[in-house]
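Q: What follows is a predicted protein model with its sequence.
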Amino acid sequence: MSRIVPCVLMRAGTSRGPFFLREWLPLDEAARDEALIGAIGASDLLQLDGVGGGNSLTSKVAIVSRSSEAGCDVDYLFAQVGVGQRSVDTRPNCGNMLSGVAPFAIEQGLVKAGDGQTTVRVFNLNTRSRIDVTVLTPSRRVTYEGDARIDGVAGTAAPIRLNFLDAWGAVTGSVFPTGQRIDVIDGTEVTCIDAAMPLVIMRARDLGVHGGESPVELDANADLLERLEALRRAAGRMMGLGDVANSVIPKPVLVSAGDSDSEHSIVSRYFTPRRCHASHAVTGAIGVATAFALPGTVASGANRAAGARSIAVLHPQGRIDIDVDVDGHGDDARIQRAALVRTARKILQGDLHLPDYVFSRSPEGDKMNRLIAPLLAATVATGAPAAMAAYPEKTITIVVPTAAGGGNDAMARTIAAKLGPLLGQTVIVDNRSGANGAIASEYVARATADGYTLMLGYIGTHSMNPALQKLRYDPVNDFEPIGLVGYSPTLMVANVNVPVKDVKDLVAQLKAKPDKYSYASAGSGTAPHFAAELFKLSSGTVMLGVPYKGAAPAVSDTIGGQTQFMFPSLFTAYPHIKAGKLRALAVAGPKRVRSLPDVPTLKEAGVDGVDVTQWYALFAPAKTPKAVVDQLNKSLNQVLADKETIKRMEDHGADVKTSTPQELRSLVQAELVKWKRVVQQGKLTAD
């Protein structure tokens with residue numbers, strides 16, 4: 001028996017793939033990914049059993065829905081489906097597929113067409129960034145016919161203009177996530193940049209090639225590909241993306257000099273990441289153009305003046321012209337906007353038949369699954385012999401409420417790597433940063449209570465933020481506690497170049513000149529925010545707070561000097577302290593830490609009343625069957641008893657601590673009371 005879903009197959013830019021409305025696909029994310037694998041035919045290299053073309057450029061999927069984001073018309077989720085492997089990656093964005101989103105949305109009735117042209121504001125869910133897409137709509141109907149030509153595509157078509165509004169730092173939280181515009185990895189200068197797509201850019205000549213080779217020549221150079229992959233993995237860790245061995249980001253790029261007749265062009269060879277792109281990704285071209293327009297990178301052009309200009313990114317099939325607006329000079333230069341033209345064409349529209357074998361459970365329909373789920377849950381809860389498969393029977397997702405690369409993310413990935421083999425299923429990590437952890441918390445609180453969607457919660461999501469402001473989730477009633485993971489002290493750290501000797505000197509400087517320095521936080525209602533505000537209250541000083549979308553970008557900008565101080569967990573800060581990129585001033589807790597014995601507590605330094613010990617724990621949605629919770633608790637505690645896990649946690653400055661579900665529930669309740677009292681006494685606000 002096959003499942004039938006509507007589908008529109010489109011050529012969008014220099015990519016091709018099926019477009020779906022979100023409602024056409026299974027609601028469950030694991031089932032959705034299985035449907036996409038079946039649609040593309042990902043299991044074999046030729047993709048004979050689906051609509052894919054045996055290439056990463058033709059194994060792309062766009063999922064579109066009405067937007068819940070203020071000021072946006074539609075949401076767009078991009079999925080890169082595997083070639084010869086059953087995988088779906090929703091971490092990157094795709095600008096080529098983006099060019100088909102607006103025509104698709106208009107034709108599906110999500111957006112009303114204007115007379116002549118229509119601009120659709122698209123919210124990209126992968127990178128949480130906005131793009132204005134303008135299409136021609138004569139007589140209020142989409143047209144695909146026109147005179148625009150893009151290199152790599154035969155013929156002409158109607159122009160589609162993409163205007164990227166806030167793609168800079170969208171994935172990692174910072175345009176230059178390492179804090180530097182040039183880093184040296186194993187003797188090679190690279191620029192790690194997050195501009196529409198995380199990239200690691202290298203000069204072609206530094207890798208022993210001239211940069212003008214064809215994709216076939218570069219793909220045949222095994223030594224080059226091996227070198228690129230090693231540099232890419234190292235860059236991924238430096239950018240806060242963790243272990244990127246199984247991820248398609250960051251993408252490696254080789255650049256070389258452009259046309260001798262033009263000072264506004266650069267040659268680029270873009271890898272996907274293990275093969276050279278036949279032409280070039282749009283998002284990758286924006287990253288290359290950004291690196292070209294800004295000074296101090298391995299790709300910087302000669303003309304670095306502020307203002308608007310067009311940059312040509314030259315690729316194997318021709319060129320992509322990108323209009324950029326540069327504001328400021330030198331290290332203060334920033335890209336305000338990037339726009340370019342693409343085209344798209346609808347190839348066919350109809351019903352897609354998905355075979356039964358691509359699904360891990362019977363595709364009888366989501367409606368039937370929703371009807372029988374309560375009965376199955378009740379059976380598990382009572383311990384009766386159930387007519388159902390033993391848990392777990394499919395992939396488990398641990399949702400992390402912060403961006404990739406922070407302490408929470410590293411902790412979750414450490415646990416996932418050990419938990420999967422114990423449970424006999426794949427355990428993946430899904431970073432859903434934003435709203436200071438509220439986006440991830442709401443998502444998990446509303447997820448199906450079946451044990452397949454979990455959350456690495458922490459003091460911020462389940463105590464501090466709920467104590468600070470009214471949220472759309474209840475940290476106690478909307479979750480089923482599974483177990484504690486560990487504790488980590490909070491540190492006060494400084495940029496290594498800040499002219500401050502110690503805490504006493506800092507307090508004196510701030511009292512002499514309030515707001516002389518600024519501090520970074522992982523967002524309002526997070527532990528770094530609370531610790532900083534408590535420090536200001538206890539020391540009687542004033543310091544400007546700069547909130548970020550998670551600890552990783554906050555740490556990155558503190559290293560880079562955009563902010564001067566931060567109060568991260570020891571787990572987050574310790575690797576940067578060991579590397580000499582941050583300076584530890586004090587421990588915001590009751591005692592010194594073993595790994596930094598010479599660093600005093602704030603109380604020892606003369607500032608009393610700042611005790612913020614961060615805790616981390618695993619949660620499931622409320623009403624998850626007790627048998628499932630107990631099994632997860634048992635497995636989690638086994639993982640935390642593993643010597644390798646303990647060492648990895650301790651190496652980052654965290655102490656492993658296990659608990660029963662009830663002990664964790666009691667901790668959350670007590671912490672909520674504690675931090676509500678702190679909010680009242682300190683008159684703290686979310687602003």
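A: Structure received.

Q: what mean pLDDT does the helix ranked longest in the chain have?
A: Scanning the chain for the helix with the most residues, using DSSP state H, yields helix 661-682. Across helix 661-682, pLDDT averages out at 91.

Q: list the helices and strands it packs on?
A: helix 465-468, strand 479-488, helix 527-539, strand 614-621, helix 626-641 (3 or more Cβ pairs under 8 Å, 6 or more residues apart in numbering; DSSP states H and E). C-beta: built from backbone N, CA, C; applies to glycine.

Q: For the longest one, report the contacting residues that lie outside it.
A: By Cβ atoms under 8 Å, 6 or more residues apart in numbering, the list of residues contacting helix 626-641 from outside reads 380-381, 383, 391, 415, 418-419, 422-423, 450-451, 454, 480-483, 485-486, 618, 620, 645-646, 656, 658, 660-661.

Q: of the helices and strands packed on helix 661-682, which approaches Ile40 most closely?
A: strand 614-621 (30.2 Å; Cβ to Cβ).

Q: Which secondary structure elements does that closest one sit against?
A: Against strand 614-621 (3+ Cβ pairs under 8 Å, 6+ apart) you get helix 407-423, helix 438-445, strand 453-458, helix 459, strand 479-488, helix 626-641, helix 661-682.

Q: okay but Asp44 is in contact with Gln85, surely?
A: No. Using Cβ atoms under 8 Å, Asp44 is not in contact with Gln85, being 9.6 Å away.

Q: how about the nearest residue to Ala157, chain neighbours excluded?
A: Thr343 (3.7 Å; Cβ to Cβ, 6 or more residues apart in numbering).

Q: Over to Cys7?
A: Here the residue nearest Cys7, using Cβ to Cβ, 6+ apart, is Leu352, at 3.9 Å.

Q: Please report how far the spatially most central residue of the chain lies from Ser518.
A: Central residue of the chain (Cα atoms, centre = their mean): Val171, 4.6 Å from the mean position. Distance of Val171 to Ser518, given as Cβ to Cβ, to the nearest Å: 24 Å.

Q: Give me the below-cutoff pLDDT ranges for the stretch 151-300 of the chain.
A: 170, 260-262 (pLDDT under 70).

Q: just the stretch 301-450 of the chain next, same as before
A: In the stretch 301-450 of the chain (pLDDT under 70), the answer is 303-305, 361-389, 405.

Q: Can you give me the first-to-last residue distance of stretch 579-594?
A: 18 Å (Cα to Cα, to the nearest Å).

Q: Could you list every helix and strand in contact with the one helix or strand Val64 maps to?
A: For Val64, the element it lies in under DSSP states H and E is strand 60-66. Secondary-structure packing of strand 60-66 (3+ Cβ pairs under 8 Å, 6+ apart): strand 15-21, helix 29-40, strand 74-81, helix 95-98, helix 101-107.

Q: Would you mind giving these as TSV with distance to Val476 and mean pLDDT added?
A: Below are the helices and strands packed on strand 60-66 laid out as TSV (distance: least, Cβ to Cβ, whole Å; pLDDT from 0 to 100):
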stretch	distance to Val476	mean pLDDT
strand 15-21	36	95
helix 29-40	26	92
strand 74-81	30	94
helix 95-98	40	91
helix 101-107	39	96
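
Q: Count the residues that sit near the closest residue to Gly95 other than its chain neighbours.
A: Of all residues not flanking Gly95 in the chain, Val282 sits nearest, at 2.8 Å (Cβ to Cβ, 6+ apart). Neighbourhood size, Val282 [other Cβ atoms under 10 Å]: 30.

Q: likewise Asp147?
A: 8.

Q: and it, what does it touch?
A: Neighbours of Asp147 in contact, by Cβ under 8 Å, 6+ apart: Thr156.

Q: next one: the one 5 residues further on
A: Applying Cβ under 8 Å, 6+ apart to Gly152 gives the contacts Thr14, Ala278, Ser279, His280, His315, Gln317, Gly318.

Q: Now for these, which sits with the most neighbours around it?
A: Busiest of those [other Cβ under 10 Å] is His280, holding 28 neighbours.

Q: isn't Met202 right up against Val255?
A: Yes. Contact criterion Cβ under 8 Å: Met202 and Val255 qualify, at 7.3 Å.

Q: so what sits against both of the two?
A: Joint contacts of Met202 and Val255 (Cβ under 8 Å, 6+ apart) are Val298.

Q: before we move on, the earlier item: I'd say the residue nearest to Gly95 and Gly100 touch.
A: No. With contacts counted by Cβ under 8 Å, Val282 stays clear of Gly100, the gap being 11.8 Å.

Q: Identify the contacts common to those two.
A: By Cβ under 8 Å, 6+ apart, the residues touching both Val282 and Gly100 are Gly13.

Q: what's the nearest residue to Ile482 if we skip its chain neighbours?
A: In space, Ile482 is closest to Leu618, 4.2 Å off (Cβ to Cβ, 6+ apart).

Q: about what we covered before: among the helices and strands packed on strand 60-66, which is the most enclosed?
A: helix 95-98 (a mean of 29; mean count of other Cβ atoms under 10 Å).
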